[in-house]
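J.: okay, predicted coordinates and the sequence, questions at the end:
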Amino acid sequence: MTCSSQPNSFLNKAIEFPSPAKINLFLHIVGQRDDGYHNLETLFQFIDHSDILTLTVTDKASIDLLTPLEGVNYDDNLIVKAAQLLKRKTKTPFGVKISINKILPMGGGLGGGSSNAATVLVALNTLWQCQLSTSDLAILGLSLGADVPIFIYGFAAFAQGVGERLTAMDPEEPWYLITKPECSISTQQVFTAVDLPRNTKKLSPSALDTTDFLNDNFHNDCQSLVIKHYPEVAKLLAWLVEYAPSRMTGTGACVFTRFSSQKEACSLQAKLPKGVSSFVARGLNKSPLCSVMTRLSLNK
Ligand SMILES: C[C@](O)(CO)[C@H](O)COP(=O)(O)OP(=O)(O)OC[C@H]1O[C@@H](n2ccc(N)nc2=O)[C@H](O)[C@@H]1O
Ligand SMILES: Nc1ncnc2c1ncn2[C@@H]1O[C@H](COP(=O)(O)OP(=O)(O)OP(=O)(O)O)[C@@H](O)[C@H]1O
């Protein structure tokens, strides 16, 4: 597979791309594979709260990350890994300079690292003129993390398998107060815990014919485990549910609380206990990255 040898109109231009967060409206663990990965049933929705990546294509072969992330080595950074993977796959002669304005908390269950990887794959596929299909990009992305494909496809979806078998969904797009107590949680630690529930019954297709995914028919299997081991999360959730429906996203530590208006979400934000970080965001069934990619292809 090689990239197009057409003159590259993106060369040396700095272009910004959003890398949004996701929430898992519910997350059921329905089994475990022989390789240790868990089979899930989850509903992904995006929120309008994004890291911003700035990419500049160069005619040098190198991949330069101008803004290293604290605590993450160059070679472990999913931004770098995604660019290297696409370069190996397509043998492009181009390189790239990348900087990131990181606003998504790490280890929060918002999928920030996976989203960064997906944004790099999707953006560079266009900027390097690689012409891989979306499904090829998703297969590449899956090798970097189970959450990468959803960010590549960019539509809200019911996901099965390890999170890569997607069925588009159109849940309501309410406002959320997203909160994070003073702790970070390792996804790997949660998935290797002996006391993690792994046997939730698979949903029947009709169970998804609803607009309310925060009712008792749905849950997050990681939440009970996290509550047991992280009192900060337990306390925060107990406080939030007194006001509005709330649930943990992914393997935590972030919790989302649903509101029908921005005003209500902001009003609870103002009352949050000390030490809890937070932001208010709108649920989105289409990733903001899709709109940027459409604009870019129209302006070419
Ligand atoms: C918790 C979720 O965020 C829900 O959307 C994802 O399932 C996690 O996705 P991710 O962070 O992209 O996951 P990966 O980077 O592939 O894996 C991180 C760790 O979680 C475990 N893992 C991940 C996904 C999955 N379905 N089963 C797992 O057991 C992996 O064994 C690994 O130890
Ligand atoms: N570009 C990146 N952004 C964030 N984390 C990264 C990145 N590259 C590597 N990582 C590593 O991935 C870990 C998980 O980060 P991430 O922000 O994706 O957490 P998360 O939101 O809990 O993810 P998930 O919901 O997918 O489990 C970090 O602690 C960090 O060590």
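T.: That came through, no problem. Ligands and ions are numbered 1, 2, ... in the order given.
J.: report how many residues lie close to the one residue in the stretch 1-150 of the chain that gets nearest to ligand 2.
T.: Nearest to ligand 2, among the residues of the stretch 1-150 of the chain, is Gly113, at 2.9 Å (C-beta to the nearest ligand atom). For glycine as for every other residue, the C-beta is placed from the backbone atoms N, C-alpha and C. Counted by other C-beta atoms under 10 Å, the residues lying close to Gly113 total 26.
J.: and it, its phi and psi?
T.: Dihedral angles phi and psi of Gly113 (degrees, to the nearest 10) take the values phi -60, psi -40.
J.: so for it, what's the nearest residue that isn't a sequence neighbour?
T.: Ranked by C-beta to C-beta, 6 or more residues apart in numbering and with sequence neighbours excluded, the top spatial neighbour of Gly113 is Leu78, at 4.5 Å.
J.: tally of neighbours for that neighbour?
T.: By other C-beta under 10 Å, the burial measure for Leu78, its neighbour count, is 22.
J.: show me what contacts the residue of the stretch 1-150 of the chain closest to ligand 2?
T.: Listed by C-beta atoms under 8 Å, 6 or more residues apart in numbering, the contact set of Gly113 reads Leu78, Met106, Gly145.
J.: that older thread, show me the contacts for the residue nearest to Gly113.
T.: Contacts for Leu78 (C-beta under 8 Å, 6+ apart) come out as Gly113, Ser114, Asn116, Ala117, Val120, Leu144, Gly145.
J.: check what pLDDT the fourth one gets.
T.: This means Ala117. Each residue has a pLDDT score; the one for Ala117 is 98.
J.: that one contacts Asp76, correct?
T.: No. Under the criterion of C-beta atoms under 8 Å, Ala117 makes no contact with Asp76, lying 11.7 Å away.
J.: looking at these two, which is more packed in?
T.: Ala117 (29 against 11).
J.: how close does that one sit to ligand 1?
T.: Taking C-beta to the nearest ligand atom, to the nearest Å as the criterion, Ala117 is separated from ligand 1 by 9 Å.
J.: do the same with Lys263
T.: From Lys263 over to ligand 1 (counting by C-beta to the nearest ligand atom), the distance is 29 Å.
J.: run a quick neighbour tally on that residue.
T.: For Lys263, using other C-beta under 10 Å, the count is 10.
J.: from the contact counts, what lies against the helix or strand containing it?
T.: Under the assignment given by DSSP states H and E, the secondary-structure element containing Lys263 is helix 262-269. The criterion is 3 or more C-beta pairs under 8 Å, 6 or more residues apart in numbering; DSSP states H and E, and the helices and strands that helix 262-269 contacts are strand 175-180, strand 255-259, strand 277-284.
J.: just send those back as a markdown table, with mean pLDDT too.
T.: As requested, these are arranged in a markdown table below (pLDDT from 0 to 100):
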| stretch | mean pLDDT |
| --- | --- |
| strand 175-180 | 98 |
| strand 255-259 | 98 |
| strand 277-284 | 98 |
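J.: with respect to ligand 2, which of these lies nearest?
T.: Put simply, out of the helices and strands packed on helix 262-269 the one that sits nearest ligand 2 is strand 175-180, at 10.1 Å, with distance taken as C-beta to the nearest ligand atom.
J.: give the partner strands of that closest one in its sheet and their orientations.
T.: Under the criterion DSSP bridges, strand 175-180 sits next to strand 255-259 (antiparallel), strand 277-284 (antiparallel) in its sheet.
J.: so what's the residue most central in space within the chain up against?
T.: For the chain, the residue lying nearest the average C-alpha position, counting by C-alpha atoms, centre = their mean, turns out to be Gly111 (3.2 Å). Contact analysis of Gly111 by C-beta under 8 Å, 6+ apart lists Ala21, Lys22, Asp147, Ile150, Phe151, Gly250.
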